[in-house]
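Undergrad: Just a sequence and a predicted model for now, questions to come.
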Amino acid sequence: MDETISVPTRHKLDADDYHRLIDTGILGKEDWVELIDGGIIDKAPVSQGHAATASALLKPWCWPAGTKHL
């Protein structure tokens with residue numbers, strides 16, 4: 001008896017698919033996800049230290065001298 005086991009094929013999403021999920025409301029602002037290698041992956045939460053470091057590094061390029069940033 002010959003039994004063949006079929007393995008499901010993964011359907012990879014592209015950027016257009018991802019944006020359609022957003023445009024139709026399937027994914028929203030509360031969904032902390034990103035598209036990586038064709039899959040929708042949960043993002044890791046940003047720690048307070050990470051946010052402070054990123055802000056400090058980006059400040060010289062993103063905010064003109066003399067302005068305050070968030």
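TA: Perfect, thanks for sending it. Numbering: from 1, shown residues only.

Undergrad: any idea how far the residue nearest the centre of the chain is from Leu27?
TA: For the chain, the residue sitting closest to the mean C-alpha position, by Cα atoms, centre = their mean, is Glu34 at 2.0 Å. To Leu27, Glu34 is 10 Å away according to Cβ to Cβ, to the nearest Å. Just so you know, the C-beta spots here come from the backbone N, C-alpha and C atoms, and that holds for glycine as well.

Undergrad: Could you tell me which residues touch both of the two?
TA: Ile40 (Cβ atoms under 8 Å, 6 or more residues apart in numbering).

Undergrad: What residues does the residue nearest to the centre of the chain make contact with?
TA: Contacts for Glu34 were tallied using Cβ under 8 Å, 6+ apart; they are Ile40, Ile41, Lys43.

Undergrad: What confidence value was assigned to the nearest residue to the last one once chain neighbours are set aside?
TA: Using Cβ to Cβ, 6 or more residues apart in numbering and skipping residues adjacent in sequence, the residue nearest Lys43 is Trp32, 4.6 Å away. The score at Trp32 is 91. That number is its pLDDT.

Undergrad: what sits against Trp32?
TA: Going by Cβ under 8 Å, 6+ apart, Trp32 touches Asp42, Lys43, Pro45.

Undergrad: That one and Pro8, how far apart?
TA: Counting by Cβ to Cβ - Trp32 and Pro8 are separated by 27 Å.

Undergrad: Let me know the average pLDDT across the host helix or strand of Pro60.
TA: Using DSSP states H and E, Pro60 sits in helix 48-62. Per-region confidence: helix 48-62 scores 84 on mean pLDDT.

Undergrad: number of nearby residues for Tyr18?
TA: 16 (other Cβ atoms under 10 Å).

Undergrad: so it makes contact with Gly38?
TA: No: in this structure, Tyr18 is not within contact of Gly38 by Cβ atoms under 8 Å, at 9.5 Å.

Undergrad: one step back: mind putting the contacts of Trp32 into a markdown table with distance to Asp14 and neighbour count?
TA: Below are these laid out as a markdown table (distance: Cβ to Cβ, whole Å; neighbours: other Cβ atoms under 10 Å):
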| residue | distance to Asp14 | neighbour count |
| --- | --- | --- |
| Asp42 | 19 | 9 |
| Lys43 | 19 | 10 |
| Pro45 | 27 | 7 |
